Structures are given as C-alpha cells and as structure tokens.
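Asks: quick check, what structure comes out for this input:
(one chain, ligands or ions: 1)
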Amino acid sequence: MSALLEIRGLRKRFGGLAVTDGVDLALEPGARTALIGPNGAGKTTLINLVTGQLLPDAGTVTLDGRDVTRAPTVERVRAGLVRSFQVTRLFPDLSPRDHLALAILQRENRSGRMFGHYERDPALTTEIDALLAGLRLAEIGRRPVAEIAYGQQRLVELAIALALRPRVLLLDEPAAGVPQNETRLIEEALAELPAELAVLMIDHDMDLVFRFAREVVVLAAGRVIFAGPASAVASDRGVREAYLGSYADARAGG
Ligand SMILES: Nc1ncnc2c1ncn2[C@@H]1O[C@H](COP(=O)(O)OP(=O)(O)OP(=O)(O)O)[C@@H](O)[C@H]1O
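Replies: The predicted structure follows:
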C-alpha cells in the first residue's frame with residue numbers, strides 16, 4: 001500500500017537548535033501510529049510542520065502524492081489533513097452542536113451567516129446528530145461547552161476534527177488532563193475511529209499508546225530513533241536508553 005502522508009528529510013532549526021533533524025515518517029490509510037519521545041524531543045514541532053503552522057527549513061510533506069510542504073493550513077485541512085482542536089479553542093458559551101455546525105459550514109465553504117439558523121437545515125442537523133451519536137454526546141449536544149465534563153469537551157474536539165472529514169488525523173495528547181474515570185470514553189472513541197482513517201497520535205501515557213497504536217515512532221532530540229511495530233518498541237535497546245527504560249522495567253516488574 002502506498003503512503004497517504006509522507007514526510008521526507010524534514011528539518012527545522014530554532015536558533016542553534018535542530019528541533020527537527022531529518023525526519024522521515026509515512027502513514028498508510030488505516031494507520032494507527034503513535035509518536036512518542038521525551039519532553040522537548042520535537043513532537044509538537046513535527047506536528048506543526050505537518051499542519052503548516054510552521055514551515056520547515058528543508059524536506060517535504062506529501063499528502064496522497066501532492067506536495068503540501070508550503071501549502072497554507074486551510075488548504076491542507078481541505079485536502080484531508082486535520083489536527084484535533086485543543087480544548088482552549090472551544091467557545092465556552094457555545095454548545096457541541098454549535099461547534100459542529102461551524103465546522104461543517106467551514107468545510108463546505110458556506111457563509112458564517114448560515115450559523116444563526118443552522119438547526120433549520122436538515123442536511124446539517126442530520127450530520128450533526130450522527131457525529132454526536134457516534135461519540136455518545138447526543139445527550140449533552142445542546143449544553144454550553146463550559147457546563148460539560150472535561151472528557152466530553154475533548155470528545156467535542158474529536159467530533160469537530162471528524163466533521164472536517166479527515167483522511168489523516170493528528171491527535172496531540174487526546175487524553176491529557178482528562179480525569180481517570182473519563183479516559184475510558186476517550187479510548188472507546190479512539191477505538192471506534194473510521195477504519196480507513198490514518199491516525200498519528202502523540203501521547204505521554206504509555207498505557208494508552210500501547211493499547212491504541214500498531215506502529216510507534218520514537219523521536220529523540222529531533223531524530224527518529226525507532227519506527228516499527230508497537231510490539232517491538234519496548235525491547236529496542238536505543239529506545240530503552242533514550243526514553244522507555246523505566247516504563248519497560250515497570251512492565252516487566254523490574
Ligand atoms: N517557537 C520556538 N522557538 C524556539 N524554540 C522552540 C520553539 N518551539 C519549540 N522550541 C524548542 O524546540 C524543542 C522541541 O519542542 P517541542 O515542543 O516540539 O517538543 P515536544 O517533544 O513536543 O515536547 P513535549 O513532550 O514537552 O510537549 C524544545 O527544546 C523547545 O524549547
């Protein structure tokens with residue numbers, strides 16, 4: 001199968017620091033890949049380079065064969081390269097339904113003026129209902145986001161990302177800050193993502209990473225030090241030394 005997202009030789013320096021130092025990474029349709037590595041390894045920078053929030057000094061980002069290395073973020077989103085929104089970007093007074101209506105109108109390049117009466121548009125409300133039902137958010141669909149549980153707010157972010165009809169979904173710490181008793185909701189939602197969607201997830205929670213990912217890419221000091229099956233990462237010597245040692249030892253009871 002050919003790669004849907006392909007990153008080749010990507011480089012980015014901040015001052016004297018090579019934060020992205022010749023990164024290669026490929027995602028095929030249906031990929032479930034985790035991007036892990038120590039604090040400051042360059043994970044978020046890599047995601048920002050892929051989404052277009054930052055431009056690289058060298059290298060290429062290709063989506064389905066099309067070079068998008070210098071394309072504006074909005075163009076990449078239209079082409080199906082979507083990053084999950086951050087909770088801080090939700091509007092506290094708006095409901096999940098409102099957020100989804102905005103996302104769909106944006107996707108369809110329709111005027112924001114439609115927003116005032118979107119509930120009267122059957123195609124829109126049908127789609128919103130399906131997205132909310134899929135993430136088990138139907139019951140709180142009309143409540144202001146500020147009033148719903150944090151775990152549900154994170155699911156609203158995911159619903160917004162899905163409303164943009166991604167082919168590649170980049171998830172930056174989807175369960176970060178979610179109380180323990182709500183993380184199951186996030187995991188269930190991640191497990192039920194469309195099969196053909198290619199997903200790249202950054203997370204520090206190794207239990208979540210290993211339950212979700214089939215492939216793991218380990219970044220350290222801006223370089224890929226491991227890329228391969230999740231089953232092989234914990235026993236990789238370089239990874240243990242750079243990052244996973246304590247986790248692997250704990251799992252082994254050592
Ligand atoms: N805009 C910037 N200007 C200068 N340095 C930056 C900038 N953004 C990130 N850095 C530096 O680049 C390095 C990598 O940061 P980045 O946030 O990409 O790492 P990370 O792997 O996502 O870390 P974490 O796991 O802590 O989120 C860090 O040393 C950081 O201080």
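Asks: A strand includes residue 82, no?
Replies: Yes - per DSSP: H, G, I helix; E, B strand; the rest coil, residue 82 lies within a strand segment.
Asks: what about it, neighbour count?
Replies: 25 (other C-beta atoms under 10 Å). C-beta coordinates here come from the backbone N, C-alpha and C atoms, glycine included.
Asks: would you check how far apart it and residue 60 are?
Replies: As judged by C-beta to C-beta, to the nearest Å, residue 82 and residue 60 stand 20 Å apart.
Asks: next one: residue 43
Replies: Applying C-beta to C-beta to residue 43 and residue 60 gives a distance of 19 Å.
Asks: these two: who's more crowded?
Replies: residue 43 (23 against 14).
Asks: pretty sure that one contacts residue 220?
Replies: No - the pair residue 43 / residue 220 is not scored as a contact, 10.2 Å apart, by C-beta atoms under 8 Å.
Asks: okay, and the common contacts of those two?
Replies: residue 37 (C-beta atoms under 8 Å, 6 or more residues apart in numbering).
Asks: helices of this protein, start to end?
Replies: Assigned by DSSP state H, the helices in the chain fall at 43-51, 73-78, 96-107, 122-134, 150-163, 183-191, 206-212, 230-233, 237-239, 245-251.
Asks: without its sequence neighbours, what residue ends up closest to residue 223?
Replies: residue 21 (4.9 Å; C-beta to C-beta, 6 or more residues apart in numbering).
Asks: check contacts around the one you found.
Replies: 11, 42, 221, 222, 223.
Asks: kindly recompute the last result at 7 Å.
Replies: Residue 21 sits next to 11, 222, 223 when contact means C-beta atoms under 7 Å, 6 or more residues apart in numbering.
Asks: reformat those residues as TSV; add pLDDT and neighbour count.
Replies: Listed next are the contacts of residue 21 as TSV, based on pLDDT from 0 to 100; neighbours: other C-beta atoms under 10 Å:
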residue	pLDDT	neighbour count
11	98	16
222	95	23
223	95	16
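Asks: which one of those is nearest to the ligand?
Replies: residue 222 (7.4 Å; C-beta to the nearest ligand atom).
Asks: just give the nearest non-adjacent residue to that closest one, would you?
Replies: residue 21 is the one closest to residue 222 (C-beta to C-beta, 6+ apart), at 3.6 Å.
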